[in-house]
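Q: Below are the sequence and a predicted model; questions follow.
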Amino acid sequence: MVADGAQRQAGTEMAGEGGSPDRLAQEFVHFAVEAGVLRFGEFKTKAGRMSPYFFNAGLFDDGAKMGRLAEFYAKALIASGIEFDMVFGPAYKGIPLAATVAVELARQGRNVPFAYNRKEAKDHGEGGTLVGAPLQGRVLIVDDVMSAGTAARESIALIRAAGAVPHAMAIALDRQEKATENGRDVDHSAVQYVRGQLGMQVCTIAKLADLLHYLQERGGSDMGAHHERVLAYRQRYGV
């Protein structure tokens, strides 16, 4: 399984840059575009940049889309070879992601517990901010994308406070662009920060390189018209 994960990682890195495309990533990009989750135009990011594309996982808004999304996460995780003992979903988008990914992993023969956090602590019932299975062992954090890595740091603090190990992250799309710190661009992305500075493994279903390959392959269509703008954005902000 580790060897398969290494092959998948290499394929994803090359996608859209002259190498063989990663099939799972290409299928996911197509799915996200068809579902209206991956859109093109002009969108302002949290960093204040004008991006020619926008990925909004909140638009995976029915049972069929969520089920397919969870299948992509599960396949990417199994191919990655990353080991973990449970799944954690940070509020709010990570909550349905963690639940559906746990269901899909169980369907594929890997049953693991899951938990999530509330933004506001309850003072009645079981109380606290954590819901679900007790946080323990090696924890996989499931989220949609990483921008500045702020949500990741918050989840890591919660997991460590519970005595568990924040071991890995799984995200749908790696934008492969410079993160911002104190309003300034830095030379690393949020994913690179989590890997290099926090020492965690990161599993991604697709990357910006995969999106570029997808657009390049559709050069004669409406989709192909977006390739130049997305490529220019990566050349300016990419890592």
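A: Perfect, thanks for sending it.
Q: now the host helix or strand of residue 78, how far from the centre of its chain.
A: Assignment of secondary structure by DSSP states H and E places residue 78 within helix 63-80. Taking CA atoms, centre = their mean, to the nearest Å, one finds the center of helix 63-80 at 11 Å from the center of the full chain.
Q: go on, stretch 75-95?
A: Centre-to-centre, stretch 75-95 and its host chain are 9 Å apart (CA atoms, centre = their mean).
Q: and that stretch, average pLDDT?
A: Across stretch 75-95, pLDDT averages out at 95.
Q: Let the chain start at 24 from now.
A: Got it, the first residue is 24 from now on, which makes the last one we talked about stretch 98-118.
Q: now the end-to-end length of it.
A: Stretch 98-118 has an end-to-end distance of 19 Å (criterion: CA to CA, to the nearest Å).
Q: Repeat that for stretch 243-250.
A: One end of stretch 243-250 to the other measures 11 Å (CA to CA).
Q: still on that earlier bit, quick one: list the elements packing against the helix holding residue 101.
A: In terms of contacts (3 or more CB pairs under 8 Å, 6 or more residues apart in numbering; DSSP states H and E), helix 86-103 is packed against helix 25-37, helix 46-57, helix 117-130, strand 188-197, strand 224-230. (C-beta placed from N, C-alpha, C; glycine too.)
Q: Is it possible to get those out as JSON lines so that each row also shows distance to residue 208?
A: Shown next, in JSON lines, are those (distance: least, CB to CB, whole Å):
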{"stretch": "helix 25-37", "distance to residue 208": "22"}
{"stretch": "helix 46-57", "distance to residue 208": "26"}
{"stretch": "helix 117-130", "distance to residue 208": "26"}
{"stretch": "strand 188-197", "distance to residue 208": "17"}
{"stretch": "strand 224-230", "distance to residue 208": "19"}
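Q: among the helices and strands of this protein, which one scores worst on average pLDDT?
A: Of the helices and strands making up the chain, the lowest-confidence element is helix 25-37, at a mean of 38, by mean pLDDT, DSSP states H and E.
Q: Compute the number of surrounding residues for residue 243.
A: 8 (other CB atoms under 10 Å).
Q: Quick check, pLDDT for it.
A: 73.
Q: tell me the SS of it?
A: coil (DSSP: H, G, I helix; E, B strand; the rest coil).
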